[in-house]
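K.L.:
prediction below, plus the sequence it came from.
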Amino acid sequence: MASKKIIILGSTGSIGLNALHVVEQMPERFRVLALTTHRQIDHLLQLAQRHRPALAVVTGAEPDGEQRNAFRALGVELRTGTEALAAICAELDYDLLVNAVVGAVGFTPTLTAVERGRSVALANKEAMVIGGALVTAAAAASGAEILPIDSEHSAIWQCLMGEEKTAVEEIILTGSGGPFRTWPAEDLVHVTVEQALKHPNWNMGRKITIDSATMMNKGLEIIEACWLFGLTEEKIRVVIHPQSIIHSMVAFRDGSIKAQLGLPDMRVPIQLAMTWPERCASAFPRLDFSTLDRLTFAPPDEAKFPALALARAAIRTGGSAPAVLNAANEAAVNLFLEERIGFLAIARLIDGALQAHSIDSALSAGALLEADHWARDHVTEAAAHLRR
C-alpha cells in the first residue's frame, strides 16, 4: 500500500497535533511533506525533527539565525510568510492537504489545493465561509474531495453516506452551548477573557473557543454546511446538546433520523478524514453507554447569542457578506482577547460591519479577500469609538 503524501497546515495547533498523532499511529500510511506554524517556531522544529518534512513554514514570526540553522541541519527548507501556505500547496506533489490553520488565511491554500485536484481534510471552516462557492466549484471541476474534520460536519457526512440528497429533510447541528449557556443575558456584559476561554467539553484554540462562547462557531458551521452538503440555510437547524455526545444528526423525509455519536475526541473525525475511503481501527477511548446519565437538548437562545442570526443573514444575502461576517468576527475576537472591547461588543461590531458593507456579488477570490480586508479595517476603526 502506497503511503499518502500529506501537508499539514497549522501543525502546532490542537488539530494539527492530533493529525500528527494519527500519522504516528499509522506511520506506514502517511509521509509528511510539509508542516507549518504561525509563531511556535521551536515547537515546529521539534515536529520537523520527528517527521522530517521537506518544507516548514512560519507565517507570523521571523526565525532567528540559530533556528534557521537548526532547520538547515535537518535538511528542511524553511519559508516564512502567509503567502508560503498557498505556494507549497501549488508546488508540492501531495495527496492530501490537512488544513488546520485558524481564520481567513486558510482560504487561498484550500482553493489552490482543490484547483489542483488534491483532496483537503478541512478543519478551517473559514475557507468555506469566505468562498464556499469557489471552493466547491473548483472541487467539482477537478474531482478533489473535501473531507470535513469538524466533528459536526464529519457527523453529517457520515450520516449522509449512502443517502440521496433529495431525501434530506433537515440537518441538525448540535452545539454544547459554550460556557455561558446557563448565564442570564444581563451577566454577559461582565464576561472576562479567562471565563470565555473555559470551554466545558472541548480543548480548542483561543479563537474557536471564543467563537463557541458567542455561538459564532455554530453560525460559521451553518454556512459551511450549506456549501459542503448543498443545502440552503433553512434546512439547517441548531440544537443545544450540552453533553457533546451526539455530534450532529440528519432528519429524512420519511421521518427517520440518523445521529453520529462518540466521545468529544477530535482524533476520531481527523483519522476518518485522513484515512478515507477506509475506516481504520483505532485505540481511541470508546463511548460507554452504561455511564451515560442522560442526553439533553434545547433550542439556542438567539436573543442572548445574536451571532446565529447574523450568520444566517450573511448566507442569505450571499456575495461578499459571509466574507465580511468572518473577517469582522476574527477582528472583533482578537480585540476581545486583547481586552480592548467587551464580550457583547463582538456581535455589535460584526453587525455594524455587515450593515455598512456594500455587498459585492462578483465572487472572485480577489473580491472576497478585498471584502475581508475592508471588514477588518472597519471593525478596528469602529471599536475605537465603541463603549464596552
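P.N.:
Right, received. Where do you want to start? Being a predicted model, the structure only gives us computed values, none of them experimental. Numbers count the residues shown, from 1 in each chain.

K.L.:
and the end-to-end length of stretch 310-327?
P.N.:
Stretch 310-327 has an end-to-end distance of 13 Å (Cα to Cα, to the nearest Å).

K.L.:
distance from the chain centre to it, please.
P.N.:
The chain centre lies 16 Å from the centre of stretch 310-327; the measure is Cα atoms, centre = their mean, to the nearest Å.

K.L.:
list the buried residues for it?
P.N.:
Going by neighbour count (16 or more other Cβ atoms under 10 Å), the buried part of stretch 310-327 is 310-315, 317, 319-327. For glycine as for every other residue, the C-beta is placed from the backbone atoms N, C-alpha and C.

K.L.:
contacts only, for the closest residue to Ser119 other than its chain neighbours.
P.N.:
Among residues not flanking Ser119 along the chain, Glu145 sits closest, at 4.2 Å (Cβ to Cβ, 6 or more residues apart in numbering). Taking Cβ atoms under 8 Å, 6 or more residues apart in numbering, we find Glu145 in contact with Ser119, Val120, Ala139, Trp276.

K.L.:
check the buried residues of stretch 310-327 and tell me the two furthest apart.
P.N.:
Largest separation among the buried residues of stretch 310-327 by Cβ to Cβ: Arg312 and Ala327, giving 17.7 Å.

K.L.:
following the helix or strand Gly131 falls within, which helix or strand shows up next?
P.N.:
Assigned by DSSP states H and E, Gly131 belongs to helix 125-142. Next helix or strand after helix 125-142 toward the C-terminus (DSSP H and E): strand 146-148.

K.L.:
list the strands paired with that following strand, with their directions.
P.N.:
Strands that pair with strand 146-148, judged by DSSP bridges, come out as strand 119-122 (parallel).

K.L.:
need the contact partners of the strand it pairs with.
P.N.:
Here strand 119-122 has contacts from 19, 95-99, 110, 113-114, 128, 144-150, 270, 273-274, using Cβ under 8 Å, 6+ apart.

K.L.:
same question for it, mean pLDDT?
P.N.:
Mean pLDDT, strand 119-122: 98.

K.L.:
again, but for stretch 25-32
P.N.:
Averaging pLDDT along stretch 25-32 gives 96.

K.L.:
please apply the same query to stretch 220-230.
P.N.:
Here the average pLDDT along stretch 220-230 is 97.

K.L.:
torsion angles phi and psi at the residue nearest to Arg376 when sequence neighbours are not counted?
P.N.:
Closest residue to Arg376 in three dimensions, ignoring its sequence neighbours and counting by Cβ to Cβ, 6+ apart: Ala331, at 4.5 Å. Here is the backbone geometry of Ala331 (degrees, to the nearest 10): phi -70, psi -40.

K.L.:
check Phe180 too.
P.N.:
Phi and psi for Phe180, reported as degrees, to the nearest 10, are phi -110, psi 20.

K.L.:
which residues touch it?
P.N.:
The neighbourhood of Phe180, defined by Cβ under 8 Å, 6+ apart, consists of Leu188, Val191, Gln195, Ala196, Ala213, Lys304.

K.L.:
for Cys280, same thing?
P.N.:
For Cys280, the contacting residues are Met26, Arg29, Gln271, by Cβ under 8 Å, 6+ apart.

K.L.:
highest neighbour count among the residues you listed?
P.N.:
Gln271 (26 neighbours; other Cβ atoms under 10 Å).

K.L.:
touching, that residue and Glu278? I think so.
P.N.:
No. With contact defined as Cβ atoms under 8 Å, Gln271 does not count as touching Glu278 (9.9 Å).

K.L.:
sorry, back to before: from the contacts of strand 119-122, list just the buried residues.
P.N.:
Buried among those (16+ other Cβ under 10 Å): 19, 96-99, 110, 113-114, 128, 144-150, 270, 273-274.

K.L.:
what ranges does this protein have for its strands?
P.N.:
Using DSSP state E, the strands of the chain run over 4-9, 30-37, 55-58, 77-80, 96-99, 119-122, 146-148, 168-175, 236-240, 246-252, 257-261.

K.L.:
what's the most buried one of these?
P.N.:
strand 96-99 (a mean of 29; mean count of other Cβ atoms under 10 Å).

K.L.:
packing partners of it?
P.N.:
Judged by 3 or more Cβ pairs under 8 Å, 6 or more residues apart in numbering; DSSP states H and E, strand 96-99 is in contact with strand 4-9, helix 14-25, helix 107-115, strand 119-122, helix 267-275.

K.L.:
CSV for those, including distance to Ala371?
P.N.:
Shown next, in CSV, are these (distance: least, Cβ to Cβ, whole Å):
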stretch, distance to Ala371
strand 4-9, 23
helix 14-25, 26
helix 107-115, 12
strand 119-122, 21
helix 267-275, 29
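
K.L.:
nearest to Cys226 among these would be which one?
P.N.:
The nearest among those, by Cβ to Cβ, is strand 119-122 at 14.4 Å.

K.L.:
gap between the residue in the chain sticking out farthest from the centre and Thr80?
P.N.:
Within the chain, Ala73 marks the point farthest from the mean C-alpha position, 33.8 Å out by Cα atoms, centre = their mean. Counting by Cβ to Cβ, to the nearest Å, the gap from Ala73 to Thr80 is 18 Å.

K.L.:
got it, and Glu330?
P.N.:
Counting by Cβ to Cβ, the separation of Glu330 from Thr80 is 21 Å.

K.L.:
list the buried ones in stretch 356-365?
P.N.:
Residues of stretch 356-365 classed as buried: His357, Asp360, Leu363 (neighbour count, 16+ other Cβ under 10 Å).

K.L.:
sorry, wrong one. I was asking about stretch 59-69.
P.N.:
For stretch 59-69, the neighbour count (16+ other Cβ under 10 Å) marks Thr59, Pro63, Gln67 as buried.
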